[in-house]
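1. Here is my input; please provide its structure:
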Amino acid sequence: MQGKFLKYGFVLSILGTIAIIVFAIKWANSQKIESVSITGNELLPGSGIMENLSDTLLHKANNSIKLKNIEKLLGQNPYIQKTYITHKNLNELTVSVKEYKPIASLLLENGTLQFIDSDIKFLPYLSNVNTPDVPIISGVFKNGRIDTVGIVGSLVLLSIINDSNFKYLNPLISEICYHSDNKSFELISSDVGTRIKLGTVENLENKIKKLDSYWKSNLVSSSQKPKYIDLRWSNHIVSSNS
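-> This is a model prediction of the structure:
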């Protein structure tokens, strides 16, 4: 008899535990999201991201929120590459975003600009984006088509200039100009608009090394900067102040 009471008691305790768990789950699901924190954003302001989320998340019960739908909604922003949404607690969500990183601005044939990342993904200029300070790439579009040599060569140039060995040179370059008629490249400095002729894509890294050495040795402490530097020759540099 005592064994039956123990058995019934055990069953009742199990059922009670299940009931408590079910109640706790229902209670947790009924809790409303009162706060959303945004992390990982550098270009997109958190307020702009929240504009897309406030009606969907804030003051909504947990069981009514479909995280996949939220990730899909945020993924419609051209600057958001990936989104991760997690519960910080029952009343707060954390939205972590991974953004595409512009490395240059492309000058289009119609005179407008678009950002571009290292994978040649085009990113539009948006009013609510913290515009990064990146060089302009011009001359790579012709008759509505993009010149492969021009865009690839420009990205190679950016990669070389952005190397840690050229930390001084990097902020001095404001524009990369491609000339499709002879497939040559030219840099324009950001200080006084010095035009720096590089020629074709051959030996670009060596040309940038020469430019870096020349700039450090002759121009860092000089108040007068040349208007023209020619690096197309293998054994000498031509510069002019006129």
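2. what kind of secondary structure is E71 in?
-> Applying DSSP: H, G, I helix; E, B strand; the rest coil to E71 yields a three-state assignment of helix.
3. Please apply the same query to D212.
-> helix.
4. what sits against it?
-> Applying C-beta atoms under 8 Å, 6 or more residues apart in numbering to D212 gives the contacts N165, F166, Y168, L169. Glycine gets a C-beta too; all of them are placed from N, C-alpha and C.
5. buried subset of these?
-> Using 16 or more other C-beta atoms under 10 Å as the burial test, the contacts of D212 include F166, L169 as buried.
6. Could you check how far the spatially most central residue of the chain is from R195?
-> Residue closest to the mean C-alpha point of the chain, counted by C-alpha atoms, centre = their mean, is K101 at 1.6 Å. Here the criterion is C-beta to C-beta, to the nearest Å. By it, K101 lies 28 Å from R195.
7. same deal with I161?
-> For I161 relative to R195 (C-beta to C-beta), the value is 16 Å.
8. More neighbours: those two, which one.
-> Set I161 next to R195 and count neighbours by other C-beta atoms under 10 Å: I161 wins out with 22 against 16.
9. hang on, the more buried one packs against I173?
-> Yes. With contact defined as C-beta atoms under 8 Å, I161 reaches I173; the gap is 5.8 Å.
10. Break this structure into its domains for me.
-> In terms of domains, the chain is parsed into 31-99, 104-240 (source: automatic domain parsing).
11. Okay, helices next: where are they in the chain?
-> Taking DSSP state H to define them, one finds helices in the chain at 2-30, 46-57, 67-74, 148-161, 204-218.
12. so where's the longest strand in this protein?
-> Once the chain is assigned using DSSP state E, the strand that runs over the most residues is strand 80-89.
13. one step back: by mean pLDDT, show me the worst of the helices of the chain.
-> Ranked by mean pLDDT, the helices of the chain end with helix 2-30 at the bottom, a mean of 57.
14. returning to that earlier point: make TSV out of the contacts of D212 and add distance to L107 and pLDDT.
-> Shown next, in TSV, are these (distance: C-beta to C-beta, whole Å; pLDDT from 0 to 100):
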residue	distance to L107	pLDDT
N165	28	79
F166	23	78
Y168	26	74
L169	22	79
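15. Any chance of TSV for the contacts of D212, columns distance to G150?
-> Shown next, in TSV, are the contacts of D212 (distance: C-beta to C-beta, whole Å):
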residue	distance to G150
N165	25
F166	22
Y168	26
L169	21
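16. Go through the contacts of D212 and name the one nearest I120.
-> F166 (22.5 Å; C-beta to C-beta).
17. Skipping adjacent residues, who's closest to the closest one in space?
-> D212 (5.2 Å; C-beta to C-beta, 6 or more residues apart in numbering).
18. just W215 next, same as before
-> In this structure, W215 finds its nearest non-sequential neighbour in L169, 6.4 Å apart by C-beta to C-beta, 6+ apart.
19. show me what contacts the one you found?
-> I161, I208, L211, D212, W215.
20. okay but the second one is in contact with L158, surely?
-> No. With contacts defined as C-beta under 8 Å, I208 does not count as touching L158, sitting 10.6 Å away.
21. Before I go, just wanted to say thanks for your time.
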